[in-house]
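1. Would you be able to build a 3D model of this:
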Amino acid sequence: MGIAMLALTTLQWSSSTAQDTKHSSDDDDNWYSDFPDNPGLWSALVREDKVYIQFGGHHWSSGATFSLAELGPLPTDKQGSFTVKRDAGTVTFNGVFDGKRGHGTYSFEEDPAFKSYLSQEGFTTISESLMIHLYFTNINKAYFAFMKENGYTGITMKELKELAEHNMNQHIMTGYLELFRKDNYGRVNLERVVELRDHGVSPSFIVRFHEMGYKEVPLDKAVELQDHGVNPEFVEDMKKLGHRDITLDEAIELRDHGVSVEFVKELTDMGYSNISLEKAVECVDHGVSAGFIRGFHELGYKDISLDKAVELVDHGVSVSFVREFKGLGFSDLTLSKAVELQDHGVTAGFIKRMQEKGLKNMSLDEYIRLRDGGM
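-> This next block holds a predicted model:
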């Protein structure tokens with residue numbers, strides 16, 4: 001066992017904290033080969049009473065959080081070692097800390113007694129890889145007792161792997177179980193709990209929606225909200241903009257269509273009060289941006305409606321299109337006439353060419369007739 005085993009098993013780590021860190025050059029590979037007997041590398045960051053440690057190797061990295069007290073005295077200013085023992089085994093760290101940051105190498109030794117305990121619990125084929133997962137998640141004897149107290153007996157091997165790989169430690173499980181009890185979700189199976197964790201649905205995520213008045217938030221809906229990028233802040237901001245009765249389904253629709261809080265706020269600040277959610281979606285779907293409308297305001301069209309803005313985009317009438325006509329002296333150009341000009345293919349460039357041919361002082365309707373006539 002030891003470091004070599006750690007390098008092999010952690011390559012297979014598929015937890016939510018794992019990420020690919022393949023080196024980008026042959027030089028990096030040569031650098032790694034300098035440590036053939038020492039593939040376990042670590043770096044750490046101390047924050048208050050917690051220490052976040054990133055464990056890495058040739059093509060992988062994974063992180064875990066420890067309490068500062070669990071690590072004990074840390075080597076500072078010079079190389080040293082310290083060990084962290086948990087039921088699943090012991091990690092020996094070698095390295096140094098400089099202020100709040102540390103780095104070095106490490107090795108892992110699994111605990112035979114705990115492996116025997118797991119066998120008694122029905123887990124007779126525990127791989128070395130799973131032992132490492134159990135270590136980082138700190139799944140220990142107390143954890144199994146805690147789960148049994150909360151009705152989770154007969155945990156399967158598949159469930160144990162998922163709990164470990166998704167870092168479902170006792171602290172995290174406690175948060176979910178308190179939510180389920182307080183808000184009457186009943187007993188939620190482990191597969192669903194892991195799904196919530198996997199999709200980033202934390203207990204506080206659901207609680208925040210409850211506090212905002214959404215008392216009925218099924219767990220499926222919570223997953224859907226997170227998957228569509230609808231967080232409590234998004235809904236709260238929409239409420240502040242006047243949409244106090246926004247439903248969660250409406251919030252999902254807004255996100256799906258790319259309607260941002262910033263977009264609605266910019267329109268509101270420009271005087272478009274009481275914008276319906278349907279109108280906001282229509283504007284975004286048709287490519288009407290706040291900058292597009294602001295451009296027409298700057299040209300003097302202060303009363304442009306959102307419906308008219310949608311019509312302009314649909315007909316290809318841009319701010320620059322209208323500006324060019326104003327530059328030719330058509331200062332009283334209406335937006336409806338601009339749409340007609342675009343539909344008939346009359347551009348500022350066309351009018352300039354006609355004027356160069358001596359066709360000056362004509363009305364826009366006359367230029368339209370010229371264009372329709374094949375000029």
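
2. I'd like the domain boundaries of the protein, if you could list them.
-> 1-137, 141-214, 228-310, 315-375 (automatic domain parsing).

3. Just put those domains in CSV and tack on distance to residue 220, mean pLDDT and mean neighbour count.
-> All C-beta atoms are positioned from the backbone trio N, CA, C, and that covers glycine. Listed next are the domains of the chain as CSV, based on distance: least, C-beta to C-beta, whole Å; pLDDT from 0 to 100; neighbours: other C-beta atoms under 10 Å:
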stretch, distance to residue 220, mean pLDDT, mean neighbour count
domain 1-137, 20, 75, 16
domain 141-214, 9, 96, 16
domain 228-310, 12, 96, 16
domain 315-375, 42, 95, 14
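
4. Relative to residue 222, which of the ones you listed is closest?
-> In terms of C-beta to C-beta, the element of these nearest to residue 222 is domain 141-214, at 4.8 Å.

5. center of this structure, which residue is that?
-> residue 229 (7.1 Å; C-alpha atoms, centre = their mean).

6. show me what contacts that one?
-> residue 255 (C-beta atoms under 8 Å, 6 or more residues apart in numbering).

7. tell me the SS of it?
-> coil (DSSP: H, G, I helix; E, B strand; the rest coil).

8. Please save the CA atoms from stretch 116-131 in PDB.
-> The C-alpha coordinates for stretch 116-131 follow below in PDB (Å, rounded to 0.1, in the frame of the first residue of the first chain):
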ATOM      1  CA  SER A 116     -12.800  -5.600   9.000                       C
ATOM      2  CA  TYR A 117     -15.600  -3.500  10.500                       C
ATOM      3  CA  LEU A 118     -16.900  -2.700   7.000                       C
ATOM      4  CA  SER A 119     -16.900  -6.500   6.300                       C
ATOM      5  CA  GLN A 120     -19.100  -7.100   9.400                       C
ATOM      6  CA  GLU A 121     -21.500  -4.400   8.100                       C
ATOM      7  CA  GLY A 122     -21.800  -6.400   4.900                       C
ATOM      8  CA  PHE A 123     -19.200  -4.600   2.700                       C
ATOM      9  CA  THR A 124     -17.000  -7.600   2.000                       C
ATOM     10  CA  THR A 125     -15.200  -6.300  -1.200                       C
ATOM     11  CA  ILE A 126     -13.900  -2.900  -0.300                       C
ATOM     12  CA  SER A 127     -11.400  -1.700  -2.900                       C
ATOM     13  CA  GLU A 128      -8.400   0.400  -2.200                       C
ATOM     14  CA  SER A 129     -10.000   3.200  -4.200                       C
ATOM     15  CA  LEU A 130     -13.200   3.200  -2.000                       C
ATOM     16  CA  MET A 131     -11.100   3.200   1.200                       C
END
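
9. quick one: that stretch to chain centroid distance?
-> 35 Å (C-alpha atoms, centre = their mean, to the nearest Å).

10. hang on, isn't residue 76 packed against residue 98?
-> Yes - here residue 76 reaches residue 98: they are 7.2 Å apart, a contact under C-beta atoms under 8 Å.

11. Put the alpha carbons of the one helix or strand residue 293 maps to into CSV.
-> Per DSSP states H and E: residue 293 is located in helix 290-298. Below are the C-alpha coordinates for helix 290-298, written out as CSV (Å, rounded to 0.1, in the frame of the first residue of the first chain):
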residue,chain,number,x,y,z
ALA,A,290,-31.4,47.5,-23.7
GLY,A,291,-28.6,49.1,-25.8
PHE,A,292,-30.8,48.8,-28.9
ILE,A,293,-33.6,50.8,-27.2
ARG,A,294,-31.2,53.3,-25.6
GLY,A,295,-29.8,54.0,-29.1
PHE,A,296,-33.2,55.0,-30.3
HIS,A,297,-33.8,57.1,-27.3
GLU,A,298,-30.6,59.0,-28.1
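
12. Which secondary structure elements does the next helix or strand along the chain from it sit against?
-> Where DSSP H and E defines the elements, the next helix or strand beyond helix 290-298 is helix 306-314. With contacts defined as 3 or more C-beta pairs under 8 Å, 6 or more residues apart in numbering; DSSP states H and E, helix 306-314 has these neighbours: helix 277-285, helix 290-298, helix 335-343.

13. okay if I get the ones you listed as TSV plus distance to residue 81?
-> Output for the helices and strands packed on helix 306-314, formatted as TSV (distance: least, C-beta to C-beta, whole Å):
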stretch	distance to residue 81
helix 277-285	57
helix 290-298	58
helix 335-343	75
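
14. Looking at the ones you listed, which is nearest to residue 215?
-> Using C-beta to C-beta, the nearest of the helices and strands packed on helix 306-314 to residue 215 is helix 277-285, at 21.4 Å.
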